[in-house]
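[1] below are the sequence and a predicted model for it; my questions follow.
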Amino acid sequence: MMLKRYLSYLMVLLVLFACRKEPLQEMSFRGEALVLFYTIGHNNGLSGNISQNLNEILEGELPSIESSEKVVLFLQHSDKSAPKLMRLGIDHNGKKISQTVSLEEMSGWDLNSVSSSTDTLAHVLNYISRQYQARYNYLILSSHGSGWLPAGVYEPGTYTFIENTFGQDLQKNNNTVYEMGIRLMAQRLPMHFDAILFDACLMGGIEVAYELKDKCDYIGFSPTEIMSHGMYYQTMCKHLFNHDAVAVAKDYMNFYRNRSGVRCGCYTLVDCSQLEALAQACKPIFAAHQADLANIQADQVQGYFREDKHWYYDLRDVIEHIGVDENELRAFNAALDKAVLFADHTDTFLGLRLERCCGLSTYLSTQGTYDLDEYYKLYQWNIATGYVQ
């Protein structure tokens, strides 16, 4: 009798739960594609530009705000507000809107969270991957950047730097600058992306690409600086929903070639599946030409930098200046052509002449220091190729 009574109670409970109008677990969907804009403009001079970029996205093609197939998210950290996550789309009246997404249940998140931190990035991506389970995922990272450099090298001063070298968030109360280290970022990214696109200066180095190659299929970036306006955002969502990252890069270059005012731009798109072959092509070249690398004349090599920030040189031009033979150069070019899907640039960038550009920058040890060399040796590119001995 007691057993039957418990079974009866259990049946009643099951019926009650089955009749609940609310779902029993967190709302989520399995959709087609997710585009996430992760922007950092807090106390770094980019707050206004990033707000303009948000408006430009809202001017372009967007899915329904209630779509279960396509989602556009925009994380913004401005000068006068805490980081917030918004979903962008078209409402039932046909109006393009931004809708704040609650982050109250996100682990590790509070009003004091610093968006320019790999901890915060990991928390946000973990949360999003649970809420929006898409087949295709695209990540656009927008802020300042300085490629592979250690913290505090590109802009030395009295600040205390936390990590390096993408993003920039100055905490004025204690002169602390938060940035994201590329090596740590690669370790902390909790999901695979179909493409990661950087809207940040000087990220277009082989060191950055190789470090992130297992985290995305394609990576887009600029080996030069990027103008403060940033990329061309009106058509970005349309192209990414069509899985056409090359079109994003082309629109970027068309924008800067045809805009009024200063016309300068440089952008590259890399197929990450081809980077291992590029490393294998470079490894014997670097082994055979270490003496030539030590004696290279840096002023004869194509640079991507201005104002004596001499840590970014063209990868192919370096190869061509160290005395490689025809077979070595042929093997390198074959691997490079497969790895670089798109590379384009204007003739100059704010006075810097761009004449011999393959689309990927690299470090020159002769233009560095012992400490920089030791730091560089920690990158997977150097581990794979033995570039800096």
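    Great, that's in hand.
[2] sheet partners, orientation included, of the helix or strand harbouring residue 73?
    According to DSSP states H and E, residue 73 maps onto strand 70-76. Neighbouring strands of strand 70-76 in its sheet, by DSSP bridges, are strand 29-39 (parallel), strand 84-90 (antiparallel).
[3] contact partners for the closest residue to residue 310 other than its chain neighbours?
    Excluding the flanking residues, the one nearest residue 310 by C-beta to C-beta, 6 or more residues apart in numbering is residue 367, at 4.6 Å. Just so you know, the C-beta spots here come from the backbone N, C-alpha and C atoms, and that holds for glycine as well. Contact analysis of residue 367 by C-beta atoms under 8 Å, 6 or more residues apart in numbering lists 298, 310-311, 313.
[4] how about the helices of this protein, start to end?
    Using DSSP state H, the helices assigned to the chain run over residues 2-18, 47-59, 118-131, 182-188, 206-212, 236-241, 245-258, 275-288, 290-294, 315-320, 326-339, 370-376, 380-385.
[5] pick the most buried one from those.
    Highest mean neighbour count among the helices of the chain (mean count of other C-beta atoms under 10 Å): helix 206-212, with a mean of 26.
[6] which residues sit against it?
    Counting by C-beta under 8 Å, 6+ apart, 147-148, 182-183, 185-186, 189, 196, 198, 219, 221, 270, 272, 275, 278-279, 315, 360-363, 376, 379-382, 384 sit against helix 206-212.
[7] how about 7 Å then?
    When contacts are defined by C-beta atoms under 7 Å, 6 or more residues apart in numbering, helix 206-212 is touched by residues 147-148, 182-183, 186, 196, 219, 221, 270, 275, 279, 315, 360, 362-363, 379-381.
[8] before we move on, the earlier item: okay, the residue nearest to residue 310: pLDDT?
    Looking at residue 367, its pLDDT reads 96.
[9] can you check residue 5 too?
    Residue 5 is given a pLDDT of 40.
[10] same question for the one 5 residues further on.
    Reported pLDDT at residue 10 in the predicted model: 38.
[11] ok so, going back, pLDDT (mean, whole number) over the strand holding residue 73?
    Mean pLDDT, strand 70-76: 96.
[12] tell me the buried residues in it?
    Buried positions in strand 70-76, judged by neighbour count with 16 or more other C-beta atoms under 10 Å: 70-76.
[13] columns distance to residue 86 on top of those, output as a markdown table?
    Listed next are these as a markdown table, based on distance: C-beta to C-beta, whole Å:
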| residue | distance to residue 86 |
| --- | --- |
| 70 | 15 |
| 71 | 11 |
| 72 | 9 |
| 73 | 7 |
| 74 | 5 |
| 75 | 8 |
| 76 | 7 |
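[14] widest-spaced pair of the residues you listed?
    Greatest spacing in those, by C-beta to C-beta: 70 and 76 (20.1 Å).
[15] how about the contacts made by residue 164?
    Remark: with contacts taken as C-beta under 7 Å, 6+ apart, residue 164 is in contact with 149-151, 179, 181.
[16] most surrounded residue in these?
    residue 179 (28 neighbours; other C-beta atoms under 10 Å).
[17] could you report the pLDDT at it?
    Looking at residue 179, its pLDDT reads 91.
[18] how about residue 176?
    On the pLDDT scale, residue 176 is placed at 88.
[19] quick one, what contacts the nearest residue to residue 210 once chain neighbours are set aside?
    Spatial nearest neighbour of residue 210, excluding adjacent residues (C-beta to C-beta, 6+ apart): residue 381 at 4.0 Å. Residues near residue 381 by C-beta under 7 Å, 6+ apart: 206-207, 210, 279, 387.
[20] hang on, isn't residue 166 packed against residue 147?
    No: with contacts counted by C-beta atoms under 7 Å, residue 166 stays clear of residue 147, the gap being 8.6 Å.
[21] need the overlap of contacts for those two.
    Counting by C-beta under 7 Å, 6+ apart, the contacts common to residue 166 and residue 147 are residue 203.
[22] of the contacts of residue 367, buried ones?
    Using 16+ other C-beta under 10 Å as the burial test, the contacts of residue 367 include 310-311, 313 as buried.
[23] that older thread, redo the contacts of residue 164 as CSV? Include distance to residue 344.
    Formatted as CSV, these follow (distance: C-beta to C-beta, whole Å):
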residue, distance to residue 344
149, 25
150, 30
151, 31
179, 28
181, 29
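[24] circling back: which one of the helices of the chain lies nearest to residue 162?
    The nearest among the helices of the chain, by C-beta to C-beta, is helix 118-131 at 10.0 Å.
[25] angle of that closest one against strand 70-76?
    160 degrees (axes from the mean of the first three to the mean of the last three C-alpha atoms, to 10 degrees).
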